[in-house]
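Asker: only geometry, no sequence info:
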């Protein structure tokens, strides 16, 4: 009886489980049994391994062969065990020294010709191997740069089974077929890359050209975008079609700072498992951007699939931006499934085959029209929707979901002057990103002794007890709580935004105006000052007034292009004189008469006193 063993890795979500691959040869009728809870792709490894061994010039043992994958209780899927099974079989047949592979961790798929093909999830697999104490890992040559990202592990990249046998036996490596012709895709990478599913993990040339200065007007929304990027706050943009909501959301990832080494490994591991890791770029060090279509199903958003679930959009947007354009068009169940990830930063998926935990610390950006036709406003001009239609459309975004969104901004239509004239005061992405990075560094220094790095991650209890605000800063918030207009969760999120506003302004702690700014950005109710003046006046960057000749606006319209309401009469003014009509009756309204009677009553009381 001959026996040999080596190790490989089974992926459960983005976590790796070390699997011992055992091969046993016994006298008897030639047969090949594979046990250990393999799936369909792994069960077919018997034919792939046999053909690869024979085509590599090695003899296939004509005895009873049993290959076991331990622990047998862990479901195993995929073709990444092929190379480990082939090495264990050759070692059991005494073609290789069993001790030479006992301390190796081997990952790779075998083609029928013996070539080693790359598989998905190499980075989390090597991370699991490093945690288990393995120091040498064998992978396909194409995924060797990805595996080399893990410190303390020696990576051996091979092209074929023949080459690995030569390395393990100390023989000279055989000549391999030439690489693919330049300009053509590598056929070995065909199974490694899957459709992008709306994910942009790298700042490519197109993304690099998305400049914030290209957005016409929208100063309030631009500033809200900056605050969202500085603190990691969720954002809801509501406005008519063509106002620039999608343009703003597409420029949000470029405002985020580069990922740290730990964050980059987390993001790269998720994308590697999902098959979205770009070829030639083993490490994703920029914030990913995921924008799924509104027809996307719940498993595609939160994760799922047959058998063990795979990462969904919330995990693919980890440490980046998840943009849901036309948010009310998404199914209600899909939108409500985001509640738990928004709070915890992770998603737990349970299936009959097992459960797993996936990271989901993303910045949510919602965009929506005010009604089905998109023209609903407070004035009601041009909207063809009935009040019931408007209420039903806006009700698709549930209250508990919106309660978890920190910034809710109304995006106004772009005026003619903002669209036609060139605005030289608009800041570009580089300028705004520099302020965001400075604010992030200020918050990181304050949170250095805590497990959190952004204001959006800090629990509300810590904000209320550990870091004190300026005296009187919570006066406005207290009134909103008493009126029932603000929930306990809403209070925590207002405090988080207030700290971000203070970080952008370079202050040590928020004062009343910072809290008021955060309250306005959340509720949309102005507390005596316009939002632009409140936000820009406190944080700087108010666009300078344009100078130069401009067309005079028509009567009743301001220079901004919006029609203004006529001046309302002062309620304290005496009003028009009381003139009798043709029948001798007074023309003053009932309210004016009642007001006059009250004034006369006060005068009589004063005279008696």
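Answerer: That came through fine. Not measured: the values here are computed from a predicted model.

Asker: rest of the way, CA atoms for contacts and neighbours
Answerer: OK.

Asker: got any ranges where the stretch 301-450 of the chain has weak pLDDT?
Answerer: Per-residue confidence for the stretch 301-450 of the chain (pLDDT under 70) gives these ranges: 306-308, 353-354, 378-381.

Asker: Please enumerate the helices of it.
Answerer: 313-316, 332-336, 339-344, 387-394, 399-402, 416-420, 429-446 (DSSP state H, counting those that start in this stretch).

Asker: With the stretch 51-200 of the chain instead?
Answerer: 82-92, 98-102, 122-131, 144-147, 161-169.

Asker: Can I get those in a markdown table including mean neighbour count, distance to residue 481 and mean pLDDT?
Answerer: As requested, the helices of the stretch 51-200 of the chain are arranged in a markdown table below (neighbours: other C-alpha atoms under 10 Å; distance: least, C-alpha to C-alpha, whole Å; pLDDT from 0 to 100):
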| stretch | mean neighbour count | distance to residue 481 | mean pLDDT |
| --- | --- | --- | --- |
| helix 82-92 | 26 | 62 | 96 |
| helix 98-102 | 17 | 65 | 94 |
| helix 122-131 | 23 | 46 | 95 |
| helix 144-147 | 22 | 51 | 94 |
| helix 161-169 | 18 | 68 | 94 |
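
Asker: And the ones you listed: which comes nearest residue 417?
Answerer: Of all the helices of the stretch 51-200 of the chain, helix 144-147 sits nearest to residue 417, with 50.8 Å by C-alpha to C-alpha.

Asker: Tell me the helices and strands packed up against that closest one.
Answerer: Identification of packing neighbours for helix 144-147 by 3 or more C-alpha pairs under 8 Å, 6 or more residues apart in numbering; DSSP states H and E yields helix 122-131, strand 154-158.

Asker: Turn the ones you listed into TSV, including distance to residue 101.
Answerer: Below are the helices and strands packed on helix 144-147 laid out as TSV (distance: least, C-alpha to C-alpha, whole Å):
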stretch	distance to residue 101
helix 122-131	15
strand 154-158	13
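
Asker: How confident was the prediction at residue 205?
Answerer: On pLDDT, residue 205 comes in at 44.

Asker: just to revisit the earlier point, buried deepest among the helices of the stretch 301-450 of the chain, which one?
Answerer: Sort these by mean neighbour count, taking mean count of other C-alpha atoms under 10 Å, and helix 313-316 sits at the top with a mean of 29.

Asker: Against which helices or strands is it packed?
Answerer: By 3+ C-alpha pairs under 8 Å, 6+ apart, helix 313-316 packs against helix 261-274, helix 298-302.

Asker: what residues does it touch?
Answerer: 199, 267, 270-271, 288, 290, 292, 300-303, 322, 341, 346, 358-362 (C-alpha atoms under 8 Å, 6 or more residues apart in numbering).

Asker: can we see that at 7 Å?
Answerer: 270-271, 290, 300-302, 322, 358-360, 362 (C-alpha atoms under 7 Å, 6 or more residues apart in numbering).

Asker: quick one, what contacts residue 15?
Answerer: Here residue 15 is in contact with residue 124 (C-alpha under 7 Å, 6+ apart).

Asker: What residues are bridge-paired with it?
Answerer: Beta-bridge pairing of residue 15 under DSSP bridges involves residue 12.

Asker: Including distance to residue 425, could the helices of the stretch 51-200 of the chain go into JSON lines?
Answerer: Output for the helices of the stretch 51-200 of the chain, formatted as JSON lines (distance: least, C-alpha to C-alpha, whole Å):
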{"stretch": "helix 82-92", "distance to residue 425": "60"}
{"stretch": "helix 98-102", "distance to residue 425": "65"}
{"stretch": "helix 122-131", "distance to residue 425": "45"}
{"stretch": "helix 144-147", "distance to residue 425": "43"}
{"stretch": "helix 161-169", "distance to residue 425": "62"}
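
Asker: how about those, which one is nearest residue 312?
Answerer: Closest among the helices of the stretch 51-200 of the chain, using C-alpha to C-alpha: helix 122-131, at 16.8 Å.

Asker: So which residues make contact with that closest one?
Answerer: 9, 14-17, 146-147, 150, 153, 269, 272.

Asker: run the last query once more with 8 Å
Answerer: 9-11, 14-18, 105, 107, 135, 137, 143, 146-147, 149-150, 152-153, 268-269, 272-273.

Asker: again, but for stretch 325-342
Answerer: With C-alpha under 8 Å, 6+ apart as the test, stretch 325-342 has contacts from 246, 291, 293-298, 301-302, 314, 346-347, 360-362, 366-369, 393-394, 396-398, 400-401, 404.

Asker: Indicate which one of the helices and strands packed on helix 144-147 is closest to residue 427.
Answerer: Using C-alpha to C-alpha, the nearest of these to residue 427 is helix 122-131, at 38.8 Å.

Asker: now the angle from that closest one to strand 154-158?
Answerer: Per axes from the mean of the first three to the mean of the last three C-alpha atoms, to 10 degrees, the angle that helix 122-131 makes with strand 154-158 is 140 degrees.

Asker: any idea of the angle helix 122-131 forms with helix 261-274?
Answerer: Helix 122-131 and helix 261-274 are oriented at 120 degrees to each other (the same axes, to 10 degrees).

Asker: rewinding a little: got TSV for the contacts of helix 313-316, with distance to residue 331 too?
Answerer: Shown next, in TSV, are the contacts of helix 313-316 (distance: C-alpha to C-alpha, whole Å):
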residue	distance to residue 331
270	25
271	26
290	18
300	13
301	11
302	13
322	16
358	22
359	23
360	20
362	20
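
Asker: before we move on, the earlier item: could you single out the most deeply buried of the helices and strands packed on helix 313-316?
Answerer: helix 261-274 (a mean of 22).

Asker: per-residue confidence for residue 170?
Answerer: pLDDT, residue 170: 88.

Asker: Same check on the one 5 residues further on?
Answerer: Each residue has a pLDDT score; the one for residue 175 is 75.

Asker: Name the nearest residue to residue 410, ignoring sequence neighbours.
Answerer: Excluding its sequence neighbours, the residue lying closest to residue 410 (C-alpha to C-alpha, 6 or more residues apart in numbering) is residue 238, at 5.0 Å.

Asker: wait, what's in contact with the one you found?
Answerer: Residue 238 touches 245, 367-370, 408-411, counting by C-alpha under 8 Å, 6+ apart.

Asker: ok, so what distance separates it from residue 67?
Answerer: The spacing between residue 238 and residue 67, counted by C-alpha to C-alpha, to the nearest Å, is 59 Å.

Asker: cool, and residue 144?
Answerer: Per C-alpha to C-alpha, residue 144 is found 27 Å from residue 67.

Asker: Same check on residue 120?
Answerer: For residue 120 relative to residue 67 (C-alpha to C-alpha), the value is 23 Å.

Asker: again with residue 399
Answerer: Residue 399 is 55 Å from residue 67, by C-alpha to C-alpha.

Asker: And residue 315, by the same measure?
Answerer: 35 Å.

Asker: Residue 24 should be in a strand, yeah?
Answerer: Yes. Residue 24 forms part of a strand when assessed by DSSP: H, G, I helix; E, B strand; the rest coil.

Asker: quick one: secondary structure of the residue nearest to it when sequence neighbours are not counted?
Answerer: Nearest non-adjacent residue to residue 24, counting by C-alpha to C-alpha, 6+ apart: residue 3, 4.7 Å away. Secondary structure, three-state DSSP: residue 3 is strand.

Asker: Could you report the distance from residue 3 to residue 395?
Answerer: Per C-alpha to C-alpha, residue 3 is found 65 Å from residue 395.

Asker: ok, these two, which is more surrounded?
Answerer: residue 3 (18 against 12; other C-alpha atoms under 10 Å).

Asker: Residue 39 reaches residue 81, doesn't it?
Answerer: No. Using C-alpha atoms under 8 Å, residue 39 is not in contact with residue 81, being 11.6 Å away.
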